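Q: give me the fold of what follows.
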Amino acid sequence: MEFGIIIRSCLIISFLILTGQESYTQNKISLSVGTEYRITPIYLEPDDIYVTNIQPTTRNDAQLSGSALSYSIAYTFHKKKMELSFKHSIRYDMLVYDNSNNDNGNLNEATHALISDYNISLERKFMLKDDLTFNIKMGYSLMNRGTEYTYVQVLNESIYYSSDQDLYFNAISFDFGIERKNLTGYLGVYYAGNHNFKDINPDIEFLIPTIQLQYKLFDF
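A: Sure, this is the predicted structure:
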């Protein structure tokens with residue numbers, strides 16, 4: 001889609017700008033912990049989201065939004081202006097729910113699972129004044145890992161239909177942050193151009209806005 005092509009092109013150009021600089025020494029590795037709150041997804045074609053002939057087995061908006069805890073390992077280089085990091089986020093969230101008697105549209109009993117997201121990103125830091133920087137970060141994420149389940153549908157008393165499902169997807173991340181000493185706050189977004197949600201149109205792209213807070217524990 002045209003919107004997705006524009007986003008990908010902007011990210012590639014920004015990546016080249018951020019990395020096209022001479023590298024220096026004074027490198028270091030750090031360990032940080034943090035939290036992230038994800039806002040309800042924004043679908044880029046809101047009039048054509050759902051597949052109407054499939055009974056949903058999860059609440060996509062509820063699963064993709066909410067809070068997560070994370071830890072990250074970062075490698076800082078180029079006079080502390082560039083940072084390459086790996087982040088692992090964990091959240092205990094809804095996986096699927098029982099929709100067998102869901103005639104009134106209410107949420108029936110749900111199954112929860114420990115869900116992981118993995119992100120690798122490159123960050124550029126711009127010094128504003130002593131101990132205060134403005135950061136721009138972009139990365140690539142493996143989302144919703146640990147969401148495998150088996151969907152079973154009873155067709156009649158003797159016939160069952162079952163299939164293995166997995167709600168994983170990949171996303172591009174883009175964040176702006178303010179860092180002061182060991183504490184950094186970010187406003188960001190995940191952009192997903194593909195997904196495995198069976199009740200959502202497979203061509204739908206969506207954004208997940210985020211608010212993040214990260215605290216650096218120590219340097220190696």
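Q: and Ala62, that one's in a helix?
A: Yes - counting by DSSP: H, G, I helix; E, B strand; the rest coil, Ala62 is located in a helix.
Q: ok, the closest residue in space to it that isn't next to it in sequence - how many residues close by?
A: Nearest-residue entry for Ala62: Met94, 5.9 Å, with adjacent residues in sequence omitted and distances by CB to CB, 6 or more residues apart in numbering. For every residue, glycine as well, the C-beta is placed using N, CA and C. Applying other CB atoms under 10 Å, we find 16 other residues in the vicinity of Met94.
Q: any idea how far Met94 is from His195?
A: Distance, Met94 to His195, using CB to CB, to the nearest Å: 16 Å.
Q: got the contact list for the strand or helix carrying Asn170?
A: Here Asn170, judged by DSSP states H and E, is contained in strand 169-180. Outside of strand 169-180, the residues within contact range by CB atoms under 8 Å, 6 or more residues apart in numbering are 7-8, 11, 119, 121, 125, 131-144, 184-197, 208, 210, 212.
Q: tell me what Asp219 is bridged to.
A: Beta bridges link Asp219 to Ser30, judged by DSSP bridges.
Q: what about it, neighbour count?
A: Count around Asp219 with other CB under 10 Å applied: 11.
Q: next: Thr150.
A: Residues within reach of Thr150, counting by other CB under 10 Å, total 9.
Q: Three-state assignment for it, please.
A: Going by three-state DSSP: Thr150 is strand.
Q: quick check: Ile204 touching Pro41?
A: No - Ile204 lies out of contact with Pro41 (CB atoms under 8 Å); the separation is 9.8 Å.
Q: surely Lys137 and Ile120 touch.
A: No - taking contacts as CB under 8 Å, Lys137 lies outside contact range of Ile120: 10.9 Å.
Q: can you pick out the residue with more neighbours from these two?
A: Between Lys137 and Ile120, Lys137 has the larger neighbour count (other CB under 10 Å), namely 22 against 14.
Q: so how far is Ile204 from the more buried one?
A: In terms of CB to CB, Lys137 sits 26 Å off from Ile204.
Q: out of the contacts of strand 169-180, name the ones that lie in strands.
A: Using DSSP state E, the subset of these located in strands is 119, 121, 125, 132-144, 184-192, 208, 210, 212.
Q: show the buried residues in those residues.
A: With neighbours counted by 16 or more other CB atoms under 10 Å, the ones in strands among the contacts of strand 169-180 contain buried members at 119, 121, 125, 133, 135-139, 141, 143-144, 184, 186, 188-192, 208, 210, 212.
Q: relative to Ser89, how far out is Leu69?
A: Here the distance between Leu69 and Ser89 works out to 7 Å (CB to CB).
Q: ok, Asp117 next?
A: On the measure of CB to CB, Asp117 and Ser89 end up 4 Å apart.
Q: and if you look at Ser32?
A: 12 Å.
Q: same question for Phe77.
A: For Phe77, the distance to Ser89 equals 24 Å [CB to CB].
Q: more neighbours: which of the two?
A: Per other CB under 10 Å, whichever of Phe77 and Ser89 has more neighbours is Ser89, with 22 against 15.
Q: secondary structure element for the more buried one?
A: Taking DSSP H and E as the definition, Ser89 sits inside strand 82-97.
Q: buried residues in that strand?
A: Going by 16+ other CB under 10 Å, strand 82-97 has these buried residues: Met82, Glu83, Leu84, Ser85, Lys87, Ser89, Arg91, Asp93, Met94, Leu95, Val96, Tyr97.
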